[in-house]
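Peer 1: mind folding the following:
(one chain, ligands or ions: 1)
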Amino acid sequence: MVKFLRERFATMAPYHSAYLTEGVILNSNESPYSVPEELVAYMKERVGDLLVNRYPDTDSLELANAVAKVYDVKIENVVCGVGSDELIDCILGSTLEDGDKVLMPYPSFSMYSQFTQLNSGQMIKVPLKSDFTYDVTAIKEVVCKEQPKVIFLCNPNNPTGCIFTRDEIRSILEVAKGLVVVDEAYAEFSEKEISMIPYVNDYDNLIVLKTFSKAYALAGARVGYGIACEAVINLINTVRPPYNVNIFSQAIGTWAIEHRDIFLENARRIVDNRKMLEQGLRNLGLKPYPSEANFVWLTLPESVFEALEEKQIYIRKMKIEDSIYYRINAGTPEENNKLLEALKVLV
Ligand code: PMP
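Peer 2: Got it, this is the predicted structure:
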């Protein structure tokens with residue numbers, strides 16, 4: 001071990017993901033569709049006016065204002081980040097003292113535990129039920145017993161696609177003394193009314209996280225935002241790095257939220273593609289779990305993953321306890337068909 005490195009991080013691995021640009025890429029929950037032509041045209045026109053020699057607006061005010069308008073909140077209720085990943089880190093950085101408890105259902109988005117470890121917190125994992133739905137009773141019991149400083153509720157859940165109802169989230173908020181982070185990265189894909197954004201000002205311990213990386217097809221721009229009461233936003237801003245969102249991403253995000261109908265229509269198309277994928281998998285005798293997101297969660301026979309990779313079809317493999325599961329995001333109908341055709345001879 002190199003002496004000057006921090007020993008408590010020695011068990012962690014650097015994040016690595018192959019940069020794939022070819023093949024059927026169904027492993028990162030991205031949009032299979034590129035951004036609208038109008039956005040490309042807008043950026044071509046805008047790029048000359050953007051003052052790249054200057055730092056960007058440190059508070060991303062144009063973007064925050066556009067977000068505030070859409071959700072009918074005040075600009076003071078919005079914080080913008082380099083993806084919602086950065087905001088997860090800022091939330092924990094502004095909240096945790098050494099050893100403080102953080103709760104997440106499990107499995108859920110891996111960065112909750114990664115950032116908890118980096119911010120010296122202690123993660124408590126509450127298992128999902130055996131059918132991979134949320135165990136709200138167990139979550140509330142653990143919240144009451146442990147009173148974690150931060151509680152992550154991913155809605156819909158990555159990687160399983162299950163959801164909380166609004167009433168379930170309210171019931172958790174009722175017993176939680178710590179900050180409840182509702183991560184709505186995939187909420188645009190749900191056909192149920194689940195968003196907690198309309199209620200952020202009813203609670204002093206609720207923050208909703210959103211990203212442009214999924215339904216808005218802007219994963220490469222790295223931009224997201226959080227919506228909460230002013231006090232929570234102020235706290236996060238104390239640790240948010242200056243000039244965090246670059247000038248291009250601020251402009252792209254602002255255009256996207258101002259033209260959200262285009263993206264929401266695309267999200268509906270992606271949901272149709274997910275339903276097609278689910279049906280195709282069921283026709284092969286496979287059993288995807290019910291999903292409200294742009295991906296499905298299932299078990300597959302051994303060695304399918306490697307066989308698909310050989311055909312340049314990429315899905316996500318995850319080890320949960322001692323079992324292996326797979327998460328596959330919806331592609332275009334053509335991509336779904338390529339996967340299903342390949343699976344036909346493998347399952
Ligand atoms: N939350 C969830 C549940 C996610 O799946 C992801 C991305 N995989 C993020 C947050 C982070 O998204 P980004 O940083 O791209 O905004």
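Peer 1: let me know how buried the residue in the chain positioned nearest to the ligand is, in neighbour terms.
Peer 2: Going by Cβ to the nearest ligand atom, the ligand is nearest to G83 of the chain, at 2.4 Å. Backbone N, C-alpha and C define where each C-beta goes, glycine included. A count of neighbours around G83, defined by other Cβ atoms under 10 Å, yields 22.
Peer 1: surely it touches Y225?
Peer 2: No. If you go by Cβ atoms under 8 Å, G83 and Y225 don't touch, sitting 9.9 Å apart.
Peer 1: skipping adjacent residues, who's closest to I75 in space?
Peer 2: Nearest non-adjacent residue to I75, counting by Cβ to Cβ, 6 or more residues apart in numbering: A68, 4.7 Å away.
Peer 1: where does the one you found land in three-state SS?
Peer 2: Assigned with DSSP: H, G, I helix; E, B strand; the rest coil, A68 falls in the helix class.
Peer 1: need the residues of the stretch 101-250 of the chain near the ligand, please.
Peer 2: Proximity of the stretch 101-250 of the chain to the ligand, by Cβ under 6 Å from any ligand atom, involves residues 109, 154, 158, 183, 185, 211, 213, 219, 224.
Peer 1: for the record, mean pLDDT for the helix or strand where Q279 lies?
Peer 2: Assigned by DSSP states H and E, Q279 belongs to helix 260-283. Mean pLDDT, computed over helix 260-283, is 98.
Peer 1: what's near enough to touch V24?
Peer 2: Counting by Cβ atoms under 8 Å, 6 or more residues apart in numbering, V24 makes contact with 312-314, 331, 335, 338-339.
Peer 1: thought the residue nearest to I75 was touching C80?
Peer 2: No. A68 is beyond contact range of C80, at 10.9 Å (criterion: Cβ under 8 Å).
Peer 1: those two - which one has more neighbours?
Peer 2: Set A68 next to C80 and count neighbours by other Cβ under 10 Å: C80 wins out with 25 against 19.
Peer 1: contacts only, for the more buried one.
Peer 2: C80 neighbours (Cβ under 8 Å, 6+ apart): 59-60, 63-64, 67, 223-225, 244-245, 250, 253.
Peer 1: quick check on the closest residue to it other than its chain neighbours: phi, psi?
Peer 2: Spatial nearest neighbour of C80, excluding adjacent residues (Cβ to Cβ, 6+ apart): S60 at 3.8 Å. S60 has phi and psi values of phi 40, psi 50 when expressed as degrees, to the nearest 10.
Peer 1: quick check: S60 vs S17, distance?
Peer 2: 26 Å (Cβ to Cβ, to the nearest Å).
Peer 1: can you pick out the residue with more neighbours from these two?
Peer 2: Taking neighbours as other Cβ under 10 Å, S60 and S17 compare with S60 leading, 26 against 7.
Peer 1: can you check the pLDDT for the more buried one?
Peer 2: So S60 comes in at 98 (pLDDT).
Peer 1: can you tell me which residues contact it?
Peer 2: 80, 244-245, 250, 253.
Peer 1: what is the nearest of the residues you listed to E168?
Peer 2: Set against E168, the nearest of the contacts of S60 by Cβ to Cβ is C80 (28.2 Å).
Peer 1: paired strands for the helix or strand containing that closest one, with orientation please.
Peer 2: Assessed by DSSP H and E, C80 sits inside strand 78-81. Partners of strand 78-81 in the sheet, by DSSP bridges, are strand 224-228 (antiparallel).
Peer 1: using PDB, write out the CA atom coordinates for the next helix or strand after the partner strand.
Peer 2: Remark: after strand 224-228, the chain's next helix or strand is helix 230-239, criterion DSSP H and E. The C-alpha coordinates for helix 230-239 follow below in PDB (Å, rounded to 0.1, in the frame of the first residue of the first chain):
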ATOM      1  CA  GLU A 230     -34.500  26.700   0.300                       C
ATOM      2  CA  ALA A 231     -32.700  25.600   3.500                       C
ATOM      3  CA  VAL A 232     -31.700  22.300   2.000                       C
ATOM      4  CA  ILE A 233     -30.600  23.900  -1.200                       C
ATOM      5  CA  ASN A 234     -28.500  26.400   0.700                       C
ATOM      6  CA  LEU A 235     -26.800  23.600   2.700                       C
ATOM      7  CA  ILE A 236     -25.900  21.700  -0.500                       C
ATOM      8  CA  ASN A 237     -24.600  24.900  -2.000                       C
ATOM      9  CA  THR A 238     -22.000  25.200   0.800                       C
ATOM     10  CA  VAL A 239     -20.100  22.200  -0.500                       C
END
